[in-house]
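J.: I would like the atomic coordinates for the input below:
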Amino acid sequence: MSYYPHLVQTAWHTVEQLVKDWVNNPHHWDREIDIQSELRARLATIFSLTGLGQVVFHEEGHPPSIESKTYRYSRVSCEPSIPYTYSDQKEHLAVPDVVIWDTLADPTIVPKDGWPVLWACEIKYKSSDHSDWDEKKLGYLLDEKRIEFGCWLKFHIDNSLREPLISWDKRQYGTRLWVCTVSAPL
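T.: Okay, the predicted model is just below:
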């Protein structure tokens, strides 16, 4: 069995429940932005209720006579820009749908390559696009250690089904990338 940090384990449980909720009532969420907002809200609420809803940066005053400042940011964010190097060796920006920011090792120093991302999720919702670009993009981010864990959720309406189908692939990148394909009739 794989070990996941507490925040990531909470994200996996939250995603699993959201998938079950969608299967039971796909009409509740009309568009991809609705699913994205729902996932972000659920994660932010859980983390806030457990005292883990913020990440902190502390800026020391320079010179010392200037007052120090503390900045508090939501641990969960939608669509931040994350730089990565593609196979063409050029820098590109990934914009995952939902991310969980990691805690800074030293709250007075933001790493040169940006705030660390603990978990990132890409969502495809009722899309006719069947490419695996989101999965590849998450793979690049994992390879470059821009994210620690990733999730790709694919929601489909399929009226030929009598029962919903949920498929999980948790073997990607040594269990660091979970891929869920869920289909349900209307």
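J.: Could you pull up phi and psi at I123?
T.: Dihedral angles of I123 (phi, psi; degrees, to the nearest 10) stand at phi -130, psi 130.
J.: quick one: contacts for it?
T.: Each residue near I123 by C-beta atoms under 8 Å, 6 or more residues apart in numbering is listed here: 32, 35-36, 39, 97-98, 152-155. Every C-beta, even on glycine, is put in place using the N, C-alpha and C of the backbone.
J.: gap between it and I35?
T.: 6 Å (C-beta to C-beta, to the nearest Å).
J.: still on that earlier bit, quick one: the contacts of I123 as TSV, columns for distance to L138 and pLDDT too.
T.: Converted to TSV, these look like this (distance: C-beta to C-beta, whole Å; pLDDT from 0 to 100):
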residue	distance to L138	pLDDT
E32	16	94
I35	17	97
Q36	15	97
L39	15	98
D97	11	97
V98	12	98
W152	6	96
L153	11	96
K154	12	95
F155	17	95
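J.: got CSV for the residues you listed, with neighbour count too?
T.: Below are the contacts of I123 laid out as CSV (neighbours: other C-beta atoms under 10 Å):
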residue, neighbour count
E32, 16
I35, 23
Q36, 21
L39, 22
D97, 23
V98, 27
W152, 25
L153, 25
K154, 21
F155, 22
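J.: Point out the ones among those residues that are inside helices.
T.: When those are checked against helices (DSSP state H), the matches are 32, 35-36, 39.
J.: one step back: shared neighbours, I123 and I35?
T.: Shared contacts of I123 and I35, counting by C-beta under 8 Å, 6+ apart, come down to 153, 155.
J.: In the sheet, which strands lie alongside the longest strand seen in the chain, parallel or antiparallel?
T.: In the chain, taking DSSP state E as the definition, the longest strand is strand 147-157. Here strand 147-157 is paired, per DSSP bridges, with strand 117-125 (parallel), strand 177-184 (parallel).
J.: just the helices in this protein please.
T.: Remark: helices assigned in the chain by DSSP H are 6-24, 32-49, 133-143.
J.: Restricting the selection to alpha carbons, write the second one to PDB.
T.: As requested, the backbone C-alpha atoms of helix 32-49 are provided in PDB (Å, rounded to 0.1, in the frame of the first residue of the first chain):
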ATOM      1  CA  GLU A  32     -16.500  21.800 -16.200                       C
ATOM      2  CA  ILE A  33     -16.100  25.000 -14.200                       C
ATOM      3  CA  ASP A  34     -18.900  23.800 -11.900                       C
ATOM      4  CA  ILE A  35     -17.000  20.500 -11.100                       C
ATOM      5  CA  GLN A  36     -13.800  22.500 -10.700                       C
ATOM      6  CA  SER A  37     -15.400  25.000  -8.300                       C
ATOM      7  CA  GLU A  38     -17.000  22.100  -6.300                       C
ATOM      8  CA  LEU A  39     -13.700  20.300  -5.900                       C
ATOM      9  CA  ARG A  40     -11.900  23.500  -4.900                       C
ATOM     10  CA  ALA A  41     -14.700  24.400  -2.400                       C
ATOM     11  CA  ARG A  42     -14.700  20.900  -0.800                       C
ATOM     12  CA  LEU A  43     -11.000  20.800  -0.400                       C
ATOM     13  CA  ALA A  44     -10.700  24.400   0.900                       C
ATOM     14  CA  THR A  45     -13.500  23.700   3.400                       C
ATOM     15  CA  ILE A  46     -11.900  20.500   4.700                       C
ATOM     16  CA  PHE A  47      -8.500  22.000   5.100                       C
ATOM     17  CA  SER A  48      -9.900  25.200   6.700                       C
ATOM     18  CA  LEU A  49     -11.900  23.100   9.300                       C
END
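J.: Cheers, nothing more for now.
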